[in-house]
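Asks: The following block contains a protein sequence and its predicted model.
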Amino acid sequence: QATPAVPKIFYGRDDLIKTGVDYIINSAQAFLAILGPGGIGKTALAQKIIEMEAVKEKFEHRLYFIPCDILPNVAFLIQGMLQCLKIPAQESKSQTEMLNDYFQVNTKFILLILDNFETPWYSEEGRARIQSFLEKLVNFKHLSILVTMRGPDGPGDIDWYKLGTESGIPTLSTDAARKTFYAISGNKSDLLEATKAVDELLKEMDYVPLAVRLIAQRAKTNPIESLLEMWEDGKTSVLKEGRGEFRLTSVEHSIQLSVNLLDKDARDLLSIISFLSNGIPMWLKNLRRMLPKFPNLDVSVAEILGCSL
């Protein structure tokens with residue numbers, strides 16, 4: 001139930017899918033990292049990659065999608081993996097031993113998809129246990145891992161193949177964002193006639209897939225002029241679907257999940273930066289001059305960059 005449905009409307013990612021598939025099927029042991037900020041479409045991209053026939057053929061359907069956003073630490077992660085792999089409980093063995101035995105006995109190619117891995121990675125219990133667990137998994141040479149995660153770098157001391165650019169998955173092209181918008185909103189005549197206004201709206205969305213999808217949902221019932229006014233008045237608060245708060249139905253909630261990974265100093269620094277509409281040009285030089293007494297400045301900067309904020 002925690003695994004989202006594979007999206008049917010999915011434009012502008014064909015090259016990334018092909019690159020990811022080629023890497024996985026041509027590597028004896030693959031470590032693929034799909035990285036970037038919340039809402040950029042990391043989970044959907046992972047689902048599309050493992051849906052490709054070449055991947056299914058290599059792993060003979062031994063593909064296990066593990067939603068780490070509901071598994072906040074190592075103990076929960078192991079428990080979740082046991083459930084996904086359908087490993088029965090054994091009274092005489094610990095969960096770690098059962099998982100270890102399974103991978104020793106089942107030596108055919110296996111692909112684990114660790115989705116939203118930032119949740120256990122930023123666990124309150126610290127980094128040591130989760131890093132040790134991940135590196136022990138890597139020792140099973142038949143085991144490949146696809147990880148999706150907020151931030152510019154994959155977890156641990158593993159040679160991850162990063163999909164996209166150095167900073168992660170890029171935003172959509174204008175054309176892909178436009179196709180996504182019209183496919184969801186329903187190609188209404190008033191929208192088709194207002195292409196300039198639609199393009200202006202999509203630019204305001206920064207071509208981020210989640211934002212484009214949610215504003216397109218609004219466009220089913222609201223005229224384009226109304227949407228531009230709503231955005232001007234409410235900004236990200238209008239990018240929401242339904243009443244609940246969930247990372248796939250609310251841009252603000254998705255952003256907050258990243259903010260929650262920061263400590264107090266990093267949050268304070270982010271709140272200062274947020275007042276500056278153009279950010280801080282040449283920040284390596286200027287940030288310390290602007291905030292000479294800010295505590296742990298370099299650490300806070302690293303935290304913010306590490307969460308793709």
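Replies: Noted; the coordinates are in hand.

Asks: what about the helices in the stretch 151-300 of the chain?
Replies: For the stretch 151-300 of the chain, the helices defined by DSSP state H, counting those that start in this stretch cover 174-185, 189-192, 195-204, 209-219, 224-234, 251-259, 264-273, 283-290, 297-306.

Asks: can I get those helices in CSV with distance to residue 84 and mean neighbour count?
Replies: Quick note: C-beta positions are derived from backbone N, CA and C, even for glycine. What follows is the helices of the stretch 151-300 of the chain, written out as CSV (distance: least, C-beta to C-beta, whole Å; neighbours: other C-beta atoms under 10 Å):
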stretch, distance to residue 84, mean neighbour count
helix 174-185, 30, 19
helix 189-192, 41, 12
helix 195-204, 37, 16
helix 209-219, 25, 23
helix 224-234, 39, 15
helix 251-259, 22, 18
helix 264-273, 33, 16
helix 283-290, 42, 12
helix 297-306, 27, 17
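
Asks: Which one of those helices lies nearest to residue 47?
Replies: For the helices of the stretch 151-300 of the chain, distance to residue 47 was read as C-beta to C-beta. The smallest value, 13.1 Å, belongs to helix 209-219.

Asks: contacting residues around the spatially most central residue of the chain?
Replies: In the chain, the residue lying closest to the centroid (C-alpha atoms, centre = their mean) is residue 42, at 4.0 Å. Residue 42 sits next to 34, 35, 36, 115, 148, 149, 169 when contact means C-beta atoms under 8 Å, 6 or more residues apart in numbering.

Asks: and it, how far is that from residue 163?
Replies: Residue 42 sits 9 Å away from residue 163, taking C-beta to C-beta, to the nearest Å as the criterion.

Asks: Now the common contact residues for the two.
Replies: Residues touching both residue 42 and residue 163 by C-beta under 8 Å, 6+ apart: 34, 35, 169.

Asks: Counting neighbours, what do you get for the last one?
Replies: So that's residue 169. Each residue near residue 169 was counted by other C-beta atoms under 10 Å, and the total is 22.

Asks: Strands - which of the shared contacts of residue 42 and residue 163 land there?
Replies: Among the shared contacts of residue 42 and residue 163, the members found in strands (DSSP state E) are 34, 35.

Asks: Show me which of the shared contacts of residue 42 and residue 163 is closest to residue 153.
Replies: After measuring these against residue 153 - C-beta to C-beta - the closest member comes out as residue 35, at 7.0 Å.

Asks: hey, what's that closest one bridged with?
Replies: On DSSP bridges, the residues paired with residue 35 through beta bridges are residue 149.

Asks: what about it, distance to residue 165?
Replies: As for residue 35, its distance to residue 165 is 9 Å (criterion: C-beta to C-beta).

Asks: same check, this time on residue 141
Replies: With distances defined as C-beta to C-beta, the gap from residue 141 to residue 165 amounts to 29 Å.

Asks: In the stretch 101-250 of the chain, where is pLDDT below threshold?
Replies: When the per-residue scores of the stretch 101-250 of the chain are filtered using pLDDT under 70, no range remains.

Asks: how about a cut-off of 80?
Replies: Along the stretch 101-250 of the chain, the parts satisfying pLDDT under 80 run over 187-192, 243-245.

Asks: Just give the nearest non-adjacent residue to the residue nearest to the centre of the chain, would you?
Replies: Once its chain neighbours are removed from consideration, residue 42 has its nearest residue in residue 148; the separation is 4.0 Å (C-beta to C-beta, 6 or more residues apart in numbering).

Asks: got a list of what the residue of the chain most remote from its centre touches?
Replies: Ranked by distance from the centre of the chain (C-alpha atoms, centre = their mean), the top residue is residue 92, with 37.6 Å. By C-beta under 8 Å, 6+ apart, no residues touch residue 92.

Asks: try 10 Å this time
Replies: Contacts here follow C-beta atoms under 10 Å, 6 or more residues apart in numbering; on that basis residue 92 touches residue 98.

Asks: so when I look at residue 32, I'm seeing a strand, right?
Replies: Yes - counting by DSSP: H, G, I helix; E, B strand; the rest coil, residue 32 falls inside a strand.

Asks: sorry, back to before: please identify which of the helices of the stretch 151-300 of the chain is closest to residue 67.
Replies: When the helices of the stretch 151-300 of the chain are compared by C-beta to C-beta, helix 251-259 sits nearest residue 67, at 13.6 Å.

Asks: Give me the distance from that closest one to the chain's centre.
Replies: Using C-alpha atoms, centre = their mean, to the nearest Å, we find the averaged C-alpha position of helix 251-259 to lie 12 Å away from the chain's own average C-alpha position.

Asks: Having no further points to raise, I will conclude here.
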